[in-house]
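# got a structure for you, letters missing:
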């Protein structure tokens, strides 16, 4: 749909999605430490590897912040699922899950590339992919619940 054809609510949702995506990129892709000292590449509890293929590896290994990271990944992508539903006008759960998967995969692959080529400590982690998609699906379900509440309000 063209910008001029969108109503005010749609335009706000598109702008919010843009702001949201920018903030996600700031948190997930842009490195936080710009020093050239290689000591910052190594974390005491997590070995430096490029790709973690085993789902929930950190949680099973008992790393102290693994549960928090899982929760943050779910919460981080919930707005994406909600806003995606608003922008696409009831796209369906599979479309929202696919879009969230592609967003998460893009982030993970970009983190891998920055780690390999720019030597920033970023991990490409299958757990992040799973939890991000879960968050996007939950956000979309919240959007559908919001639509349901709106329809009930209009009936009464």
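That came in fine, so what should we check first? If you're wondering where the values come from, they're calculated on a predicted model, not measured in any experiment.

# Now do residue 142 against residue 59, distance only.
Per C-beta to C-beta, to the nearest Å, residue 142 is found 25 Å from residue 59. From N, CA and C alone the C-beta is placed, and that goes for glycine too.

# same thing with residue 132?
Noted for residue 132: a distance of 15 Å to residue 59, by C-beta to C-beta.

# Neighbour count: the two, which is higher?
residue 132 (26 against 13; other C-beta atoms under 10 Å).

# Surely the more buried one and residue 76 touch.
Yes - in terms of C-beta atoms under 8 Å, residue 132 counts as a neighbour of residue 76; the distance is 7.0 Å.

# thinking residue 78 is in contact with residue 142, fair?
Yes - proximity of residue 78 to residue 142 meets the contact threshold set by C-beta under 8 Å, at 6.9 Å.

# So the two - more neighbours on which side?
Comparing residue 78 with residue 142 by neighbour count (other C-beta under 10 Å), the higher total belongs to residue 78, at 21 against 15.
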